[in-house]
Each structure stands twice: as structure tokens, then as C-alpha cells.
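1. give me a 3D structure for the following:
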Amino acid sequence: MDAAVWVTGNVGSEVTLKEYREGATYASFRLACTPRLWRAGQWSDDETTWMGVVCSKALALNVKSSISKGDPVIAVGRLRTESWTDPQGVRQERLKLEAQSVGHDLTRGTSVFRKTNRAAPEEQEVNLAELMVATEEQAEAMSPPPPRSPEERSQPFVELVETS
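-> Numbering: from 1, shown residues only. Sure, this is the predicted structure:
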């Protein structure tokens, strides 16, 4: 089960862009979320929650060219917890949002949208029969397993997957 969330806050760091050997592109930045609370007849800031936001592919490139430190943004994606053990042996954790969408928070200002230019795909000859077979095979591979009986549910479920 995924924890899909949307978060509003301010960009707390410069956006960094990384490209890996496999051709994958990732952008990341820190996001500060500080709730405002009404206390004793006045507004005050509550504790700030910091999280890393990670974007990939075209979203990474668009975030790098559109978002700056201090900008109010809305980010939508999967919330994850990263954990590790530091050199002193203490377990550390931090929140990370694997973003599916990022944009300016228009309740706090205005923005201008510019559509990105994408290169037109090269003309390719398509074999419709092969495309249909490949689509059917992909749908079968992605279909959920059949429901388990009550007896099977009491046993641990292990699915073996072949990798090539």
C-alpha cells in the first residue's frame, strides 16, 4: 500500500539535478512545511516539518527550470521514510516524497505556464499485430494474482519472480 499525499510548503534548498549512466535524470530539493495555528487570539508558527522531494524524467527537468529556493509549492507523490545507521551506530530517519507532480502554490502568488518543447518522435513502421500481442502480454503480466482461499491465507504468501 502506498501513502499518496499532497504537501504544501516552501522550497528550502536549491534544486539539484543529477544524471546517471543509465540516462535517468533526477532532481531533488528540500521542502519546509510550517503550519500556522491560532493560539491565544493570534496566529503563530508550529514546528516545521522538513522532507526531501525527488523527481525524475521530464518532471525533474521542468522542476529544475521552474522552481527556486523560497518558492511556495504544492507537491504530490508517494511518501517514503529513508533510514540508515550513522557512523556512531545511531539509526536515523528522514521523510522523502517521490513526486509525481510539483507546481507553484497559486494561493500565495501568480505564475506563468510555458509548455516544454518535446522532440517529435521519429517515424517508425509499426506492425499492428506485434503491438497487440505485446500489449496483451503486458496486461497479463500486470494482472493481480487470483484470490486466495481461507486456508491459503493462513499460510505465508511468497511469489517467485523470474528475472532475466
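
2. can you give me the strands in the protein?
-> 4-11, 16-19, 25-33, 36-39, 42-45, 49-56, 72-85, 91-104 (DSSP state E).

3. helices and strands of the chain: which one bottoms out on pLDDT?
-> Every helix and strand of the chain was ranked by mean pLDDT, DSSP states H and E. The lowest is helix 150-153, at a mean of 58.

4. ok, the nearest residue to residue 44 once chain neighbours are set aside to residue 98 distance?
-> Excluding the flanking residues, the one nearest residue 44 by CB to CB, 6 or more residues apart in numbering is residue 37, at 5.8 Å. (C-beta placed from N, C-alpha, C; glycine too.) Distance of residue 37 to residue 98, given as CB to CB, to the nearest Å: 29 Å.

5. which of those two has more neighbours?
-> Counting neighbours by other CB atoms under 10 Å for residue 37 and for residue 98 shows that residue 98 has the greater number, 16 against 9.

6. and residue 6, what does it touch?
-> Residue 6 makes contact with 74-76 under the criterion CB atoms under 8 Å, 6 or more residues apart in numbering.

7. what comes up buried for stretch 75-94?
-> For stretch 75-94, the neighbour count (16 or more other CB atoms under 10 Å) marks 75, 77, 80 as buried.

8. where in the protein is pLDDT low?
-> Applying pLDDT under 70 to the chain flags the ranges 1, 118-164.

9. do that again at 50, thanks
-> Residues of the chain that meet the criterion pLDDT under 50 lie in 157-158.

10. possible to save the contacts of residue 6 as a markdown table with distance to residue 2?
-> Conversion of the contacts of residue 6 to a markdown table gives the following (distance: CB to CB, whole Å):
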| residue | distance to residue 2 |
| --- | --- |
| 74 | 18 |
| 75 | 15 |
| 76 | 12 |
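
11. quickly name whichever of those residues is closest to residue 84.
-> The closest of the contacts of residue 6 to residue 84 turns out to be residue 75 (CB to CB; 22.8 Å).

12. thought residue 59 was touching that closest one, still the case?
-> No - contact criterion CB atoms under 8 Å: residue 75 and residue 59 do not qualify, at 10.4 Å.

13. what residues do these two have in common as contacts?
-> With CB under 8 Å, 6+ apart as the test, residue 75 and residue 59 both reach 99, 101-102.

14. residues near residue 12, how many?
-> Count around residue 12 with other CB under 10 Å applied: 17.

15. check residue 99 too.
-> 23.

16. just residue 63 next, same as before
-> 25.

17. tell me the contacts of it?
-> Residues in contact with residue 63 (CB under 8 Å, 6+ apart) are 15, 27, 29, 55, 99, 102.
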